[in-house]
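S.K.: Following is a predicted model, sequence given first.
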Amino acid sequence: PTGSVQAKSASALPDEQMPLPYRTGFTQAPVLKPYAVSRNPDDYEKKINYYSVTQVAATASILPNKNLLTQILGYNGIFPGPTIRVERGTKAYLRVRNQMPATDPRAGHLLYSSTHLHGSASLPQFDGYASDIVHTRFAKDYEYPNDQPARTLWYHDHAVHNTAPNVYSGLVGQYHMHDDLERGLLPQGRFDVAVTISDAMFAENGELGYDDNDQSGVYGDVILVNGRPWPVMQVQRRIYRFRLLNGCVSRSFRLRLDTGDPVLMVATDGGLMPRSQEVSQWRHASGERYEILIDFRNYQPGQRIQLMNLSNDNNVDYNHTDKIMAFDVVDSPVDTSDPTWNTLPIELDPGNEVMALKSSDALIRRHFRLKRDDRTNMWTIDGQTWADVVASNYQRIVANPELNSTEIWEFENSSGGWFHPMHVHLVDFKIIGGENRANYAYEQGPKDVVYVGEGETAHLLMKFGPHRGRYMIHCHNLPHEDHDMMVQFRVGTAALEPSENDPMKAGP
Ligand code: C2O
Ligand code: CU
Ligand code: CU
């Protein structure tokens, strides 16, 4: 078991109103169209896409009883927010307008926001730095270089001390970056499926409930996939690609198919793995993305395959959190127009730069202890919190790697009862084992979140670039992040130039 808190609250919905598994259809968020496209003046061969989203309070019909509506916060009023789809090398500008009410109608806090594109090596002033907040009726333009290998990214709110309630209320969306290598290997279009998994609890009137169990974790008893409870998707007898994002505030999963058949893992947080891995189950924590192929060719029409969860955070005995979604195999003709319909690739990105890093290249090894402070009850990284960063006027750092240098970072979870999905901004890393921790097949790809289980120490190898500046390190269990398990590092030992991307100074 991970976690020692017995969650107090679950949905207060009467039994007959409670959503049940596999009664809703599967949907995906719409793809966001750029409102303008221009040539990139720095490289006339390339383009710039201009996008805009507006953060608003809205109502959603999540529950099967259509009279029970749920207030959410959403990018363009929907949960999850629209999917952004870009080509590697095409720069993107995203204007985020904060049109939310000044205070959260449910939680009562101020609804300022900061938008982070998780998985992007953005400049600091565009990275959604927690304290770089945008108040109601203001907007901010974010610039995303999209120079990294193809991957599944996601954008979400990162506002200091309010990230958990804001993400829980719906401020989440997927962002897909494509490139030629990925396109040649993996299913595209309608066979390339976004799956954002989250959990929620509901009050009797249909509104979201919220309980972070003394700032330790929010555990909903209803599993949502793309904002709908336990949906069923109809599938043809072919290979599909699923981009699985754990968008839960706290809950982690151990996923598997109920058939016992393995899935083919093809990509991790930072994109394609060097080679695909057959995996029959995997831990999947908040913030992590795993792309899998499921081969439906050998199943019979009419057969139902379930995606199941074997883990039960905090020993909460909730009824149906062992189920995520189901696939119903249909008897319709199979779309074979693309070779990926029946190809299970073995070699993917054998030359991946992150996975080619060698421990012997690392000049510095740093060790961080993850722990709850007994006196203040705050979650800490090496005894430090975001409050220490703020008190230092955003100067305090826990590491200062040189630009383009390689280091080994160790995260040690020595405090009993909790796991911490640790996220390092800016870089992708290679997990090189650790203590009390296996080298899992499903982690043999570039990552930006590492699951650090109870009693485990994870060792990460990473190269710091492509630019200098200050970036956050935090736990992706969001109540931990908010209270106050977040610190920062700075790439580049020389003082930053004024022009050089200070997150707490205005960008260009
Ligand atoms: Cu997905 Cu710093 O966050
Ligand atoms: Cu991130
Ligand atoms: Cu944590």
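M.R.: That came through, no problem. Numbering: from 1, shown residues only. Ligands and ions are numbered 1, 2, ... in the order given.
S.K.: rest of the way, CA atoms for contacts and neighbours
M.R.: Fine.
S.K.: Please state the mean pLDDT value computed over stretch 492-508.
M.R.: For stretch 492-508, the mean per-residue pLDDT is 68.
S.K.: Also stretch 424-433?
M.R.: In the prediction, stretch 424-433 has an average pLDDT of 97.
S.K.: Contacts made by it with the rest, please.
M.R.: Defining contact as Cα atoms under 8 Å, 6 or more residues apart in numbering, one finds that stretch 424-433 is touched by 118-122, 269-270, 354-355, 357, 439, 443-450, 458-465, 471-474.
S.K.: For residue 439, give me its contacts.
M.R.: 431, 432, 433.
S.K.: What's the local residue count around the first one?
M.R.: The tally of other residues near residue 431 (other Cα atoms under 10 Å) stands at 26.
S.K.: Residue 214 now?
M.R.: Residue 214, neighbours per other Cα under 10 Å, totals 11.
S.K.: Distance of it relative to ligand 3?
M.R.: 13 Å (Cα to the ion, to the nearest Å).
S.K.: With adjacent residues omitted, what lies nearest to residue 154?
M.R.: residue 174 (4.2 Å; Cα to Cα, 6 or more residues apart in numbering).
S.K.: and after the helix or strand where the one you found lies, which helix or strand comes next?
M.R.: Taking DSSP states H and E as the definition, residue 174 sits inside strand 172-178. Counting by DSSP H and E, the next helix or strand C-terminal to strand 172-178 is helix 180-185.
S.K.: how deep is the closest residue to ligand 3 within the stretch 151-300 of the chain tucked in, by neighbour count?
M.R.: Per Cα to the ion, residue 216 is where the stretch 151-300 of the chain lies closest to ligand 3, at 8.0 Å. A count of nearby residues for residue 216, using other Cα under 10 Å, gives 24.
S.K.: Likewise for residue 494?
M.R.: Residue 494: 10 surrounding residues under other Cα under 10 Å.
S.K.: circling back to that earlier point, which residues are in contact with the strand holding residue 174?
M.R.: Taking Cα under 8 Å, 6+ apart as the rule, strand 172-178 contacts 74-75, 79-88, 146, 149-157, 194, 196, 247.
S.K.: how about 6 Å then?
M.R.: For strand 172-178, contacts defined as Cα atoms under 6 Å, 6 or more residues apart in numbering pick out 80-81, 83-88, 150-156.
S.K.: before we move on, what about stretch 328-346?
M.R.: 186-187, 234-236, 238-239, 275-276, 301-304.
S.K.: rerun that using 10 Å as the cut-off
M.R.: Residues from elsewhere that reach stretch 328-346 (Cα atoms under 10 Å, 6 or more residues apart in numbering): 183-188, 191, 232-241, 264, 266, 273-278, 293-297, 299-306.
S.K.: so of those residues, which ones are in helices?
M.R.: 183, 184, 185 (DSSP state H).
S.K.: mind listing which of the contacts of residue 439 are in strands?
M.R.: 431, 432, 433 (DSSP state E).
S.K.: Go through the contacts of residue 439 and say which is closest to ligand 3.
M.R.: Looking across the contacts of residue 439 and measuring by Cα to the ion, the closest to ligand 3 is residue 431, at 18.2 Å.
S.K.: circling back to that earlier point, quick check on the contacts of stretch 328-346: which are buried?
M.R.: The neighbour-count test (16 or more other Cα atoms under 10 Å) marks 185-188, 191, 232-233, 235-241, 264, 266, 273-278, 293-296, 299, 301, 304-306 as buried among these.
S.K.: contacts with ligand 2 among these, please.
M.R.: Among the buried ones among the contacts of stretch 328-346, no residue is within reach of ligand 2 (Cα under 5 Å from the ion).
S.K.: Write out the residues of this protein neighbouring ligand 3.
M.R.: 420, 475, 480.
S.K.: which residues touch the most centrally placed residue in the chain?
M.R.: With distances taken as Cα atoms, centre = their mean, residue 287 lies nearest the centre of the chain, 3.0 Å away. Contacts for residue 287 (Cα under 10 Å, 6+ apart) come out as 118-119, 153-154, 245-250, 252, 269, 421-423, 448-451, 475-478.
S.K.: got a pLDDT number for it?
M.R.: 98.
S.K.: Return the residues in contact with the residue in the chain positioned nearest to ligand 3.
M.R.: Ligand 3 sits closest to residue 420 of the chain, with a gap of 3.7 Å, by Cα to the ion. Residues in contact with residue 420 (Cα under 10 Å, 6+ apart) are 2, 250, 252, 285-286, 370-371, 411-413, 449-454, 456, 474-477, 480, 485.
S.K.: What values do phi and psi take at it?
M.R.: The phi and psi torsions at residue 420 (degrees, to the nearest 10) take the values phi -130, psi 110.
S.K.: and what of the one 3 residues further on?
M.R.: The main-chain torsion angles of residue 423 are listed as degrees, to the nearest 10 and equal phi -120, psi 130.
S.K.: doesn't residue 409 make contact with it?
M.R.: No - look at residue 423 against residue 409 with Cα atoms under 10 Å: they stay out of range, at 11.9 Å.
S.K.: neighbour count winner among the two?
M.R.: Each of residue 423 and residue 409 has its neighbours counted (other Cα under 10 Å); residue 423 has more, 24 against 20.
S.K.: What residues are bridge-paired with that one?
M.R.: On the basis of DSSP bridges, residue 423 is bridged to residue 449, residue 474.
S.K.: which residues does it contact?
M.R.: Applying Cα under 10 Å, 6+ apart, we find residue 423 in contact with 118, 286-288, 447-451, 472-477, 486.
S.K.: next one: residue 189
M.R.: Residue 189 neighbours (Cα under 10 Å, 6+ apart): residue 241.
S.K.: repeat for residue 195
M.R.: 26-29, 174, 224-227, 242-247, 289, 291, 325.
S.K.: Roughly how far does it sit from residue 226?
M.R.: The gap separating residue 195 from residue 226 is 6 Å, by Cα to Cα, to the nearest Å.
S.K.: Residues that sit against both of these two, list them.
M.R.: Shared contacts of residue 195 and residue 226, counting by Cα under 10 Å, 6+ apart, come down to 26, 27, 28, 29, 245, 247.
S.K.: okay, now the first one: neighbour count?
M.R.: When you say that, I think you mean residue 26. 20.
S.K.: Likewise for the last one?
M.R.: Neighbours of residue 247 under the rule other Cα under 10 Å: 32.
S.K.: so it touches residue 194, yeah?
M.R.: No - using Cα under 10 Å, residue 247 is not in contact with residue 194, being 11.9 Å away.
S.K.: Give me the common contacts of these two.
M.R.: Common neighbours of residue 247 and residue 194, counting by Cα under 10 Å, 6+ apart, are 173, 174, 225, 226.
S.K.: out of those, who's nearest residue 70?
M.R.: In terms of Cα to Cα, no member of the shared contacts of residue 247 and residue 194 lies closer to residue 70 than residue 226, at 14.9 Å.
S.K.: Wait, a strand at residue 479?
M.R.: No - per DSSP: H, G, I helix; E, B strand; the rest coil, residue 479 lies outside any strand segment and is helix.
S.K.: On the pLDDT front, check it for me.
M.R.: 97.
S.K.: That one against residue 210, yeah?
M.R.: No - with contact defined as Cα under 10 Å, residue 479 does not reach residue 210; the gap is 11.5 Å.
S.K.: More neighbours: those two, which one.
M.R.: Taking neighbours as other Cα under 10 Å, residue 479 and residue 210 compare with residue 479 leading, 25 against 21.
S.K.: Run through the residues that contact the more buried one.
M.R.: Applying Cα under 10 Å, 6+ apart, the residues near residue 479 are 161-165, 212-218, 249-250, 379, 485.
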